[in-house]
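Participant: sequence unknown, structure follows:
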């Protein structure tokens, strides 16, 4: 680091003025105090009246500090997080409806099979468990496929944009738990419908 007067620097660069300068605080906790101190010194230097200290239009300069920049980034990050959360919830709802429709079609196509199982001694709870397990397996398979595609997409973005590659195991585990929960919720109605079938009526559908 080389420290020289501004006038000397302007002579070297062939400039008559300077457009900006940076000031560093001793810690993050003193950024605001440093910003205010620099602002006060500039106000005295430019001869700005005390009554206009808070009037940004009266100052022939503008200031910003890292804390304000970080606050702006935090607001942007919060907005993006809210948007991604909304998209994720919509995807979960659409996925659960899709699983439910698939299971309802499965129950309809296997009506005679359900009747045979009940005539052989399967109880309502047995049939209910069978279809809920199928629904869970379907959602877990979708979760595995989605996680695999997400990892490939993240790897592609990391390679193209030189970003850090991060795969949080806890988030992946949470995704699988959500997949299982979605499978259970989406499979309850079709499984309950299958469990309550009258075996005689079900066998007539053969």
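Facilitator: Yep, it's here. As the structure is a prediction and not an experimental result, all values here were calculated from the model.
Participant: Please name the residues that touch residue 143.
Facilitator: With contacts taken as CB atoms under 8 Å, 6 or more residues apart in numbering, residue 143 has the following neighbours: 175-176, 178-179. C-betas here are computed from N, CA, C, even on glycine.
Participant: next helix or strand past the helix or strand harbouring it?
Facilitator: When secondary structure is defined by DSSP states H and E, residue 143 falls within helix 124-161. If you walk from helix 124-161 toward the C-terminus, the next helix or strand you reach (DSSP H and E) is helix 169-195.
Participant: between that next one and helix 124-161, how many degrees?
Facilitator: Using axes from the mean of the first three to the mean of the last three CA atoms, to 10 degrees, the inter-axis angle of helix 169-195 relative to helix 124-161 is 150 degrees.
Participant: Which strands or helices does helix 169-195 pack on?
Facilitator: If contacts are counted by 3 or more CB pairs under 8 Å, 6 or more residues apart in numbering; DSSP states H and E, helix 169-195 sits against helix 66-109, helix 124-161.
Participant: Now that helix: buried residues?
Facilitator: Counting neighbours by 16 or more other CB atoms under 10 Å, one finds that the buried residues in helix 169-195 are 175, 179-180, 182-188, 190-191, 193-195.
Participant: again with stretch 129-148
Facilitator: If you call a residue buried by 16+ other CB under 10 Å, then stretch 129-148 has these buried ones: 130-132, 134-136, 138-139, 142-143, 147.
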